[in-house]
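Chemist: Predicted model and sequence follow; I will ask about them next.
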Amino acid sequence: MVTIRDQLDRYVEEKYRIDPELLPFSHENYAIYRHKDTGRWFAVFIVKDRQVFGLPGSGDTEIVSFKIKDPVLTDLLAQQPGYLRGYPSSKWNWLSAVLDGTIPFEDICRWINMSYEATKAKPGNKKPPLPKLEISG
């Protein structure tokens, strides 16, 4: 069965030539998409128990968080089914979507594209890229 996450991985790989990167946290299940030039994250996948996200039911669910610069749009979306304030911090300009089919795939792609644009390098910014976290064996 092809999941929404599988579809998103294929979409981002085709559009941006970026593969998901698993983060080396032994107690957490995170993956990210990051810009190749700056190392900035533009999407974060998190798997946790539904109750951690304030969702009804039991068992794990997966969300994807992305940056949206427009606070009015973020507020409007956060009131819709399937959307959550940015996890893990609502103080960021990030919004989360539950990957359970509530939100159409095309909408999630639109927000990932918006996040990609919001987090890309600004012209003239010569900061070195952020290093990838290495998993020690």
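Modeler: Perfect, I can see it now.
Chemist: for whatever helix or strand Val12 lives in, packing partners?
Modeler: Assessed by DSSP states H and E, Val12 sits inside helix 4-16. In this structure, helix 4-16 packs against strand 41-49, strand 60-67, helix 105-119, with contacts taken as 3 or more CB pairs under 8 Å, 6 or more residues apart in numbering; DSSP states H and E. Bear in mind the C-beta positions are built from the backbone N, C-alpha and C, glycine included.
Chemist: Could you export these as a markdown table, including mean neighbour count and distance to Leu95?
Modeler: Output for the helices and strands packed on helix 4-16, formatted as a markdown table (neighbours: other CB atoms under 10 Å; distance: least, CB to CB, whole Å):
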| stretch | mean neighbour count | distance to Leu95 |
| --- | --- | --- |
| strand 41-49 | 19 | 11 |
| strand 60-67 | 21 | 6 |
| helix 105-119 | 17 | 7 |
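Chemist: what's the closest of those to Tyr11?
Modeler: Proximity to Tyr11 (CB to CB) singles out helix 105-119 among the helices and strands packed on helix 4-16, at 5.7 Å.
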